[in-house]
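1. Only the shape, not the letters, is given here:
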């Protein structure tokens, strides 16, 4: 019972077998070296290690320390445990009533014996006992079929008595199997002793190396903690310095922001004053520009009028009509509802007024006499020889200017029906104004005039009238 209890204490809790090369963790629990190594290998991936017995956790893979005391206990226990062992599946030849496991086999009798029959068996030398076996033929000489009793030292093989007398081993140095076994065991014990001495020395070196390794790990761990503490202090100081600098920057930014806000406010006040003065000056310039030069006396040339507009007797008005006027077709007559002035402007500064009907769509402007009289290009503004102000009542009185088919929509639609056209021939400026409560400049064309300029009217709907320019 005591031996069984001791055997239980010498079992590894992982493989449930007797310790092999027992090692110990820092928590004090012992395991086979291979068993705990395999267990720790499976924990490498998660990076957290623990003892299979008490579940104590380790941040780093724990060092394995050889347990010399436990190793010696296991070795001595296994060496001194000498009770006969029954071999599974081999039973006593003489126990007929019930099968009893055999502990020895007699090679002479060719019978297997249990403990009981072994005690009463013959002790004479010819009755050779061996471990239980079912293949006794392997224990006989293959040549003479006799029990192997001797060992030929020259050929290093087991032989029978006939081999020494008449066989090929005659005259050779032979020993009994017991003597050969003892000699062999003695040699093996010597070798084993040397190996054990070497192993002990190796284990001492391993133990010393492990101690040095543990010391190095502890030193490295201490350095790790020291470096961590050092960098934590550096980071804390950097954080404090960063906060201090940021606070200073915020204070400076606030001061600069107040300064700039004050300066911007002062500049905005100054800018508003300048804008007001500029607006006053622009209004004066517009009014001055609108009265620049002499008022022109414009008469329409009925010989250029299309057959779908009516020209008044005073040659000042053009009205769209549904009745065809039956005027003779000439080279200067327009195909569309357009007409130009009799006279032209070749120099100087001039202005005149035009008044449109409250409802209607039209174009008013100037053109060269060489402008086409037929086709889409004959509309004023649809070519590079004319400039026009365009109004379309069906587009909510949308107003735009045109030259060479390029149309520019004015952002502010016109709010009345009276307009002024100003020409500065030498400066190359043609300006359009709106004559409401105050004069408002609508647009100015800049060009280099190369031909005389006619006043041109185009009426799609309603009427246009050249009014007094005073």
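-> All right, it came through fine. These numbers come from a predicted model, not from an experiment.

2. What ranges does the protein have for its helices?
-> In the chain, the segments counted as helices under DSSP state H are 2-9, 33-42, 68-80, 115-119, 161-165, 177-290.

3. Can you tell me which of these is nearest to residue 27?
-> Residue 27 lies closest, by Cβ to Cβ, to one member of the helices of the chain: helix 33-42, at 11.8 Å. For glycine as for every other residue, the C-beta is placed from the backbone atoms N, C-alpha and C.

4. That closest one: how far from the chain's middle?
-> When distances are taken as Cα atoms, centre = their mean, to the nearest Å, helix 33-42 is centred 38 Å away from the chain's centroid.

5. so how many other residues sit close to the residue lying closest to residue 154 once chain neighbours are set aside?
-> The shortest distance from residue 154 to any non-neighbouring residue, by Cβ to Cβ, 6 or more residues apart in numbering, is to residue 172 (4.7 Å). Neighbour count of residue 172, defined by other Cβ atoms under 10 Å: 16.

6. which residues does residue 172 contact?
-> 152, 153, 154, 155, 164 (Cβ atoms under 8 Å, 6 or more residues apart in numbering).

7. Which pLDDT value goes with the first one?
-> When you say that, I think you mean residue 152. If you check residue 152, the pLDDT there is 86.

8. For it, name its beta-bridge partners.
-> Beta-bridge pairing for residue 152 (DSSP bridges): residue 157, residue 174.

9. Could you rank the contacts of residue 172 by neighbour count and give me the top one?
-> residue 152 (19 neighbours).

10. is it true that that one touches residue 173?
-> Yes. When contacts are counted by Cβ atoms under 8 Å, residue 152 is listed as touching residue 173 (7.5 Å).

11. rewinding a little: tabulate the contacts of residue 172 (TSV), appending distance to residue 112.
-> Below are those laid out as TSV (distance: Cβ to Cβ, whole Å):
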residue	distance to residue 112
152	28
153	31
154	33
155	30
164	28
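
12. List the residues that contact the residue lying closest to residue 331 once chain neighbours are set aside.
-> Nearest residue to residue 331 in three dimensions, chain neighbours excluded: residue 373, at 7.1 Å (Cβ to Cβ, 6+ apart). Contacts were defined as Cβ under 8 Å, 6+ apart; by that measure residue 373 touches 304, 331, 332, 333, 334, 335.

13. Quick one: buried ones out of those?
-> 304, 333, 334, 335 (16 or more other Cβ atoms under 10 Å).

14. Give me the nearest residue to the third one, chain neighbours excluded.
-> So the one you mean is residue 334. residue 306 (4.3 Å).

15. for that neighbour, what are its contacts?
-> Neighbour list for residue 306: 333, 334, 335, 336, 337, 338, 339 [criterion: Cβ under 8 Å, 6+ apart].

16. Next one: the second one relative to residue 305, how far apart?
-> Spelled out, it's residue 334. From residue 334 over to residue 305 the distance is 7 Å, taken as Cβ to Cβ, to the nearest Å.

17. swap in the third one?
-> In this view, residue 335 and residue 305 are 11 Å apart by Cβ to Cβ.

18. who touches both of these two?
-> Common contact partners of residue 335 and residue 305 (Cβ under 8 Å, 6+ apart): none.

19. confidence score at the residue nearest to residue 331?
-> 96.

20. measure it to residue 304 for me?
-> Counting by Cβ to Cβ, the gap from residue 373 to residue 304 is 8 Å.

21. joint contacts of those two?
-> Common neighbours of residue 373 and residue 304 (Cβ under 8 Å, 6+ apart) are 332, 333, 334.

22. ok, so of those residues, who is nearest residue 225?
-> The closest of the shared contacts of residue 373 and residue 304 to residue 225 turns out to be residue 334 (Cβ to Cβ; 102.0 Å).

23. so that closest one touches residue 307, yeah?
-> No. Contact criterion Cβ under 8 Å: residue 334 and residue 307 do not qualify, at 9.0 Å.

24. quick one, domains of this protein?
-> 2-80, 104-181, 190-290, 294-467 (automatic domain parsing).

25. Would you single out the least confident of those domains?
-> Taking the mean pLDDT of the domains of the chain, domain 104-181 comes last: a mean of 76.

26. Now do the end-to-end distance for it.
-> End-to-end span of domain 104-181 (Cα to Cα, to the nearest Å): 17 Å.

27. for residue 70, what are its contacts?
-> Residue 70 sits in contact with 10, 19, 22, 24, 30, where contact means Cβ under 8 Å, 6+ apart.

28. Can you name the residues that contact residue 380?
-> Residue 380 neighbours (Cβ under 8 Å, 6+ apart): 338, 363, 365, 366, 367, 371, 386, 387, 388, 402, 456, 458.

29. number of nearby residues for the residue lying closest to residue 447 once chain neighbours are set aside?
-> Leaving aside its sequence neighbours, residue 447 sits nearest to residue 428 (Cβ to Cβ, 6+ apart; 5.0 Å). A count of nearby residues for residue 428, using other Cβ under 10 Å, gives 12.

30. For residue 428, give its distance to residue 415.
-> Residue 428 is 29 Å from residue 415, by Cβ to Cβ.

31. Burial check on the closest residue to residue 425 other than its chain neighbours, number of neighbours?
-> The shortest distance from residue 425 to any non-neighbouring residue, by Cβ to Cβ, 6+ apart, is to residue 347 (5.1 Å). Residue 347: 10 surrounding residues under other Cβ under 10 Å.

32. how near is residue 347 to residue 107?
-> 152 Å.

33. One more: residue 381?
-> According to Cβ to Cβ, residue 381 stands 136 Å off from residue 107.

34. neighbour-wise, which of these two wins?
-> residue 381 (23 against 19).

35. show me what contacts the closest residue to that one other than its chain neighbours?
-> If the residues on either side of it in the chain are set aside, residue 381 comes closest to residue 402, at 3.1 Å by Cβ to Cβ, 6+ apart. Residues near residue 402 by Cβ under 8 Å, 6+ apart: 363, 380, 381, 382, 387, 388, 390, 408.

36. repeat that with 10 Å
-> For residue 402, the contact set (Cβ atoms under 10 Å, 6 or more residues apart in numbering) comprises 363, 365, 379-383, 386-390, 408, 445.

37. With residue 352 instead?
-> 294-298, 341, 419-423, 455, 466-469.

38. Repeat that for residue 442.
-> By Cβ under 10 Å, 6+ apart, the neighbours of residue 442 are 389, 399-401, 410, 412, 414, 419-420, 431-434.

39. Over to residue 121?
-> Residues in contact with residue 121 (Cβ under 10 Å, 6+ apart) are 94, 104, 106, 109, 111, 113, 127, 129.

40. so can I have TSV of the contacts of residue 380 showing distance to residue 223?
-> Formatted as TSV, those follow (distance: Cβ to Cβ, whole Å):
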residue	distance to residue 223
338	100
363	93
365	93
366	95
367	96
371	97
386	93
387	90
388	91
402	87
456	98
458	97
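
41. Which member of these is positioned nearest residue 356?
-> Top of the list for closeness to residue 356, among these and by Cβ to Cβ, is residue 363 at 10.3 Å.

42. from what I can see the closest one touches residue 403, true?
-> No. In this structure residue 363 lies outside contact range of residue 403 using Cβ atoms under 10 Å: 11.6 Å.
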